[in-house]
Structures are given as C-alpha cells and as structure tokens.
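In: pasting the structure only:
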Ligand SMILES: Cc1ncc(COP(=O)(O)O)c(C=O)c1O
C-alpha cells in the first residue's frame, strides 16, 4: 500500500464535498471540476526534505500528496524528475537575473502529459475502470496510450483529423484505438462523452476527471524542491486546458500547508497562440470565465484548445498571483522554439517556444524586471512536430 493521504474531493465552484473512492467526472452539483484534498497535517509528518533526499527521482516521490492508495496500480515508466536547466546566455540576452527551463520533453512519450496520465490511469484502475477514453491534441493521447498499455487495458483516443502523423502513429503503436474527428479537441470531447455509456469507457478529459491535475501538480513540487524550497519570481506556462498551471498553483498552497515553502508565490503567466487565445481575451476583459474561441488555428497543437472547463481556475490563479496572460503569433513562436532548443539541448515543442517568445515581450515591456528569476516550461518534444521544420 502507498502512503497517500487523499481524504475527499471538493467542487471547485462551491463548498460541496464528495467521496474520493468512487469514479467521478465533473462535480454533480455545479458541473465544474472536482479537486482532490489531502490530510496535509498527516502528510507533513513524512513528506520532509530529509525523507525526500532518500527517495528515488520521479513524481512518485511525492506519494503522500498523490491519490493512488495501492502501489500495485502504479506503472512507473519514468515520469517526472525532469531537469531544471539554467540558461545564463538566455538570461543575458533577455536582460533578467536568471532563466531556467523545466524541460518536460524528457518525460515518457515526450511531454508533461505523462505526469497526468501516470497518476490518473493508476487511480482509474484502482477505482475499477477497465477502458479509458480521451480527447486530445496529440500528446495526451500518446501518454494515455502508453499507460493503458502498461496497465494492460484498452484506450480509445480521439484527435482532430489534421493531427500530425507522429501522434497518430505513436498511439497506434501502443495499441490504442484511434479515432480522427473532423473538428477540434472540443469536438473530440463531445464524441468521448457521447460514447461513454454505449462503450463503457471512462472519460479521461483533462479536469473532467480529478486526477490528471494531481499528476501535473508535481511540476510545482519539483520546482520547489529543485530550487531549494524557493520558488522563482515568474513562471511562464503554455496554456491550452490549463491543467498544468492550475496544478502548480494548487501545489504551492499544499507546499505552504506542509511547511515546505513560505507565503510568497511566483507571478503566473499564461501564454496562448494569437490564433486561439480564449484565456488571454477573458483575462483582459476581467471575466471569470472564457468564451469559446471561434476558428481556432495555430501550429502549436497543444494550444489549439478553444474552450477550457478549468477556465475559472486558470483565471483565478493568474489574478491571485499578480500574473498575466498574453498571446504570441506562430512565426514568433517557431523562431523562439529554435532558440529554446539550443538553450535546453533538446528539440523543443512550439508550445515551449511560445513561452520564450512571451518572456522576450515581458522583458521588453518591463513587466519582468532585470532582477527577476524566471522559469519557462518546455512542455514537450519537437520531434512530433518535425513537419514544421521542413
Ligand atoms: C506540448 C504541450 N504543451 C502545452 C499543452 C497545454 O497544456 P494544458 O492543457 O495543461 O494547458 C499541451 C496540450 O496538449 C501540449 O501538448
């Protein structure tokens, strides 16, 4: 058995609570995401810097604050434990004190989506699900396919029909059932929801089930641990469904409750593509929710997300942290991707390039000051987008 201190689920929109030990999608009360809650007092007794020093690298080192109760459901493919790379050259070029890159391309299946799926697949299995389905821009589908294959269960993945070949090929190689949908990720999501009753699959859409965000929050735990329990001044994150940003923001609150960090927080920045920027538009308008973005288009498949169920959570994290949201165009993104690849010594995804393009603008405008320390996320590998460099 593991040392999970998971206690219950709570609705992110009201005070309702639910049992964590049955399968759930959205909160029945408000139709909004359910979030996991832990007994952090108990977790603090064993989740200490000294205990962590003796644990294996990877995200399962934070098992007290992860939902899986029985270790037999965990299939560790090497998720998490990604490097935080210092780039003094980028810092000098941009004019800020430090630029560090959290290189998530080193995860299984080449993206940070592995974190969410490692945890959510294990938990779904533990709660009795035997077939899993997901709508995806590409990377989440690959990650689900990998963890479902490791668990020996079926996966159905739904992707837009113009998804790059590498994503489709990866899912098929891993044994998933691939369906291509004429439309975008929200159209894929509608098909997953519609088929759940008929086909008996569990809907693994991000933030429509409570545990992918739990896997992704470990990026926040790692940032804190790798920074010697100090967080940077600014975090720049490429936002589609926003699960990584929401997860990290939640991680920082937990870390403070665990006594591992103080009350200071980074300013959180959402970067989107100029051709699909619903969060940027809502942030600028002071809105609590983001409207659907029509005719979404960008080379960064992971940012082609016209509507996010976690919109209110993303916008609250940006505002509560004193952060911001901005959009960059595809040309800027692609040029910055090359620069980011050189800085991290691995082929970066365009979503990562979007973060660097955004940082350049924020440094030029003075929003990021010369004494500040910034962390950028390279959320995935460029290899699956190789067609962009033809
Ligand atoms: C490489 C990459 N970066 C960023 C994102 C957006 O992630 P999130 O949905 O957590 O905002 C995605 C989503 O598909 C992605 O594949």
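Out: Done, it's in. Computed from a predicted structure; not experimentally measured.
In: what ranges do the strands span in this structure?
Out: Applying DSSP state E to the chain gives strands spanning 6-11, 17-18, 34-38, 84-86, 98-103, 131-135, 154-160, 177-181, 202-203, 234-238, 267-273, 324-328, 373-378.
In: is the closest residue to residue 196 other than its chain neighbours bridged to anything, and to what?
Out: Nearest non-adjacent residue to residue 196, counting by CB to CB, 6 or more residues apart in numbering: residue 203, 5.4 Å away. For the C-beta atoms, the positions are set from N, CA and C on the backbone; glycine is no exception. Counting by DSSP bridges, residue 203 forms beta bridges with residue 133.
In: what's the pLDDT at residue 203?
Out: Reported pLDDT at residue 203 in the predicted model: 97.
In: against the ligand, how distant is it?
Out: Per CB to the nearest ligand atom, to the nearest Å, residue 203 is found 16 Å from the ligand.
In: contact partners for that residue?
Out: Neighbouring residues of residue 203 by CB atoms under 8 Å, 6 or more residues apart in numbering: 25, 133, 134, 192, 193, 196, 209.
In: and the residue nearest to residue 382 when sequence neighbours are not counted, what does it touch?
Out: Closest residue to residue 382 apart from its sequence neighbours, by CB to CB, 6+ apart: residue 347 at 3.8 Å. For residue 347, the contacting residues are 105, 341, 381, 382, 383, by CB under 8 Å, 6+ apart.
In: what is the neighbour count of the residue of the chain found nearest the ligand?
Out: Going by CB to the nearest ligand atom, the ligand is nearest to residue 302 of the chain, at 2.4 Å. If you count neighbours by other CB atoms under 10 Å, residue 302 ends up with 28.
In: tell me how many other residues surround the residue nearest to residue 125 when sequence neighbours are not counted.
Out: Excluding its sequence neighbours, the residue lying closest to residue 125 (CB to CB, 6+ apart) is residue 73, at 4.8 Å. Residue 73 is flanked by 16 other residues according to other CB under 10 Å.
In: ditto for the one 4 residues further on
Out: Around residue 77 sit 16 other residues, with neighbours defined as other CB under 10 Å.
In: likewise for residue 279?
Out: So residue 279, with other CB under 10 Å, has 28 neighbours.
In: please apply the same query to residue 235.
Out: That count, for residue 235 with other CB under 10 Å as the rule, works out to 27.
In: this structure against the ligand: which residues are in contact?
Out: 111, 137, 139-140, 206, 238-244, 302, 349, 351, 379-380 (CB under 6 Å from any ligand atom).
In: which residues touch the residue nearest to the spatial centre of the chain?
Out: The centroid of the chain falls nearest to residue 244 when counting by CA atoms, centre = their mean (2.8 Å). Contacts for residue 244 were tallied using CB under 8 Å, 6+ apart; they are 112, 216, 219, 237, 377, 379.
In: I figured the second one was touching residue 112, is that so?
Out: The one in question is residue 216. Yes. Using CB atoms under 8 Å, residue 216 makes contact with residue 112 at a distance of 6.6 Å.
In: and the two? Which one has more around it.
Out: Ranked by neighbour count (other CB under 10 Å), residue 216 and residue 112 place residue 112 first, with 35 against 30.
In: enumerate every residue touching the closest residue to the more buried one other than its chain neighbours.
Out: Nearest in space to residue 112, with sequence neighbours left out and distances taken as CB to CB, 6+ apart, is residue 104 at 3.8 Å. Going by CB under 8 Å, 6+ apart, residue 104 touches 82, 111, 112, 219, 377, 378, 379, 380.
In: how many residues are close by the fourth one?
Out: Right, the one you point to is residue 219. So residue 219, with other CB under 10 Å, has 26 neighbours.
In: that one and residue 48: what is the separation?
Out: 20 Å (CB to CB, to the nearest Å).
In: can you check the first one too?
Out: According to CB to CB, residue 82 and residue 48 sit 22 Å apart.
In: who has more neighbours out of the two?
Out: When residue 82 and residue 48 are compared for neighbours, residue 82 comes out ahead with 25 against 13, by other CB under 10 Å.
In: so who does the more buried one touch?
Out: With CB under 8 Å, 6+ apart, residue 82 has these contacts: 102, 103, 104, 106, 107, 112, 222.
In: before we move on, the earlier item: so the residue nearest to residue 125 sits against residue 119, correct?
Out: No. Under the criterion of CB under 8 Å, residue 73 is not in contact with residue 119, lying 10.2 Å apart.
In: one step back: wait, what's in contact with the residue nearest to residue 125?
Out: With CB under 8 Å, 6+ apart, residue 73 has these contacts: 122, 123, 125, 126, 151.
In: then residue 30?
Out: With CB under 8 Å, 6+ apart, residue 30 has these contacts: 11, 13, 14, 16.
In: same thing but 7 Å
Out: With contact taken as CB atoms under 7 Å, 6 or more residues apart in numbering, residue 30 is in contact with 11, 13, 14.
In: can you go through these and name the buried ones?
Out: Buried subset of the contacts of residue 30 (neighbour count, 16 or more other CB atoms under 10 Å): 11, 13.
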